[in-house]
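> 3D model of this:
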Amino acid sequence: MTSRKRLGLLVGMLILGAGLALAPGCAKKSTVSQEETTPARTKDIAPSPVSKAGKMAPAKEETIAQGQMSGGAGAPATPEAVERKLTEGDTSSSLSVDDQLQYAETSERRDAGKKEKSQNKPGRPEELANEGLGAAVGSAIGEEVAPVAQSRVSPPAHAPAPEPASPFARLKVVNDKPFHDMYFKHYGVNPTIDTEEEPFSTFAVDVDTASYTMARSYLDRGHLPEEDAIRVEEFVNAFDYGYTPPSEEAFGLHAEAFPSPSRRGYHLLHIGIKGREVKAENRKPANLVFVVDTSGSMETENRLGLVKKGLGYLVDQLHDDDTVGIVAYGSHAYEVLRPTSGREKSSILRALNDLYPTGSTNAQAGIHMGYAMAASVLKKGGINRIILCSDGVANNGVATGADGIFQTVKDKADMGITISTIGFGMGNYNDTLMERLADQGDGNYYYVDREEETRRVFVENLTGMLQVIAKDVKIQMEFDKDTVARYRLLGYENRGLKKEDFANDRIDAGEIGAGHSVTAIYEVKFTKKSGDLGTLRIRYKKPEGGASTLIERRLSSEIVRVTIEKAPPYARLAMVAAAFAEKLRGSYWARNIGYDQIQNLHGRIGGQLAGRKDVVELGDMITRAKGLDRREDKFEKEAPLAMMDFDNLPVTR
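Coordinates of the predicted model:
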């Protein structure tokens, strides 16, 4: 063999060796890209039992700033930085929601590319090695976020050609989570407030119920819901308590107080608000735009099928003076149906039935196009509403953090175009995004887990979802310091307001639809003096805006019941729903109440409510949770249950 041939052989062996050496690194990244990242959690321990500020704020959050990962203060981490954290064995507690959204986006597009390559005819071994080397280099440099499709660009005449469905259903699940890529945000647990420090409790109303149906979906699948997924107020507001509606005013008020079943020395103060009802035939004309997620992930669990079923129910309720337009989005947004009269139901249903899942999830493009369509046929004095149906994971076209789209949604709400979000699916689901879109867009957030729920949302609650009777609704409870020593609001942690915000009409708050009700529950500790509990105030604006209106009611001691049995059945039902939610989210104040006790309380609801289908189902959910809950008491080590202080939350490390 000549020296030249020897040299050529040596160079070839070195090149092949380099390719093989890099291949394991590439394989490692491929494996990591299929793992779940879960959002950063708020620590459950509040730093202090009593807030001395003017705001009844939730427990402080302890999260790692994005800048700590990326190297720049406040700057989002790059996809490769997030992936590096995961490959080094870092846990979800050090990853922000924004980081994980970016990582999920990059992972999905990388996996889609690998799937496309795997479908090609295999080449020679050296070609496959070079392909692996190229994938490793591509992973190292990261990928750019795809540009947002402009809503004013003429959409294609037909839907884009089908693309391979995203492989989310096959992704490996990490950290013992039952479902991959589930994004939630924990807002802490409200502290107990000393009335000497702050007698005012102020918050914005919330009529969403998604957290309850999400928990039901977990339990139906044999898993305990994640603590971060539980919002107490949405459990409580998931039930109809049969409040008497007002005859003339916007709201009817109801209040009861009775001993707490779990917090020694405390009573539960139940406050119910019932909105004015509007008959379906008297609903205002509606300009509706269905914005439907048709990405590949919507094929999983027949999510798109449920969307079609639910929107079909809605179409059946349309009036002749209503209009409906349809926008769909996968990798790109496209127009499915221009605004069409409600009398043309068959045309609308045909357009819905033609939808099919394809591509990635460019939610921002779909939302922008939906708003443009709604604005083109704006009904002044009527209802203008976007109805977004999605699994919530926007992995294409939305910058991490999505502040731009949230500002757009808020600006459009100020112009009179609101948005309701309807969530579908388990696994590859972003609860945080869906809730915030509805919050910023002055709408409602629902989660659909079964066909029966589609009928409840799109038929039974349709008028309430569409027709707003009051906007920027705020509640303020001023406790009498001579009668009430301490109080804690159960839930509404992400709706808290400063006391001065109550009278400030520039501060945005929640909306209430026709016939909707809102329930709030406080734990209160009485002093030794008897007297009125305080003053309940509600401030709201008419749907068309203008100055706010104030409603006041004095809560006398006559509403206080001696025993739980003396409280009306609806108040006992709300008590059970709140206790169950507190238990599921691992609240310190529910650690001394077991599932057996909650089941016992459920059995004591009584009245006609006891046999109602949804109330019976609540009891079944409690039973299933009892069989699944294997969590240990996370407070026991530093605050033993036997020495539990019912007034003060312990300060722990």
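> run a quick neighbour tally on the nearest residue in space to D228 that is not next to it in sequence.
Nearest non-adjacent residue to D228, counting by Cβ to Cβ, 6 or more residues apart in numbering: F184, 3.8 Å away. In this view, the C-beta of every residue, glycine as well, is placed from N, C-alpha and C. Counted by other Cβ atoms under 10 Å, the residues lying close to F184 total 23.
> over to F184: give its phi and psi.
With angles defined as degrees, to the nearest 10, F184 sits at phi -130, psi 160.
> which ones are touching it?
39, 226, 228-229, 431-432 (Cβ atoms under 8 Å, 6 or more residues apart in numbering).
> same question for M465.
For M465, the contact set (Cβ under 8 Å, 6+ apart) comprises 420, 444, 446, 457, 513.
> in strands, which of the residues you listed appear?
Judged by DSSP state E, the subset of the contacts of M465 located in strands is 420, 446, 513.
> just give me the neighbour total for Y445.
Neighbours of Y445 under the rule other Cβ under 10 Å: 25.
> want to throw the contacts of F184 into TSV with secondary structure?
Below are the contacts of F184 laid out as TSV (DSSP: H, G, I helix; E, B strand; the rest coil):
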residue	secondary structure
P39	coil
E226	coil
D228	helix
A229	helix
D431	helix
T432	helix
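> distance from the chain centre to the helix or strand that T623 is a member of, please.
Per DSSP states H and E, T623 falls inside helix 613-628. The chain centre lies 22 Å from the centre of helix 613-628; the measure is Cα atoms, centre = their mean, to the nearest Å.
> next: stretch 627-643.
27 Å.
> stretch 330-349 now?
A distance of 27 Å separates the centroid of the chain from that of stretch 330-349, by Cα atoms, centre = their mean.
> now do the end-to-end distance for that stretch.
Distance across stretch 330-349, first residue to last, is 20 Å (Cα to Cα, to the nearest Å).
> what separates the closest residue to C389 other than its chain neighbours from N287, distance-wise?
Of all residues not flanking C389 in the chain, V307 sits nearest, at 4.5 Å (Cβ to Cβ, 6+ apart). Between V307 and N287 the distance is 20 Å, computed by Cβ to Cβ, to the nearest Å.
> out of the contacts of F184, grab the one that's most surrounded.
Within the contacts of F184, most neighbours by other Cβ under 10 Å means P39, with 25 neighbours.
> follow-up on the earlier one: buried residues in the strand or helix carrying the residue nearest to C389?
Per DSSP H and E, V307 falls inside helix 303-316. Neighbour-count burial for helix 303-316, counted by 16 or more other Cβ atoms under 10 Å, picks out 303-304, 306-315.
> what mean pLDDT does that helix get?
Mean pLDDT, helix 303-316: 94.
> also stretch 285-294?
The average pLDDT within stretch 285-294 is 95.
> roughly how far is it from the heart of the chain?
20 Å.
> again with stretch 644-653
For stretch 644-653 - counting by Cα atoms, centre = their mean - the centre lies 29 Å from the chain centre.
> re the thing from before, look up how far V459 lies from the residue nearest to C389.
With distances taken as Cβ to Cβ, V307 is found 15 Å from V459.
> one more: S247?
In this view, S247 and V459 are 26 Å apart by Cβ to Cβ.
> returning to that earlier point: give the contact list for the residue nearest to C389.
292-293, 298, 355, 389, 422, 424.
> how far away is T195 from L268?
17 Å.
> over to A577?
Look at A577 and L268: by Cβ to Cβ, they are 12 Å apart.
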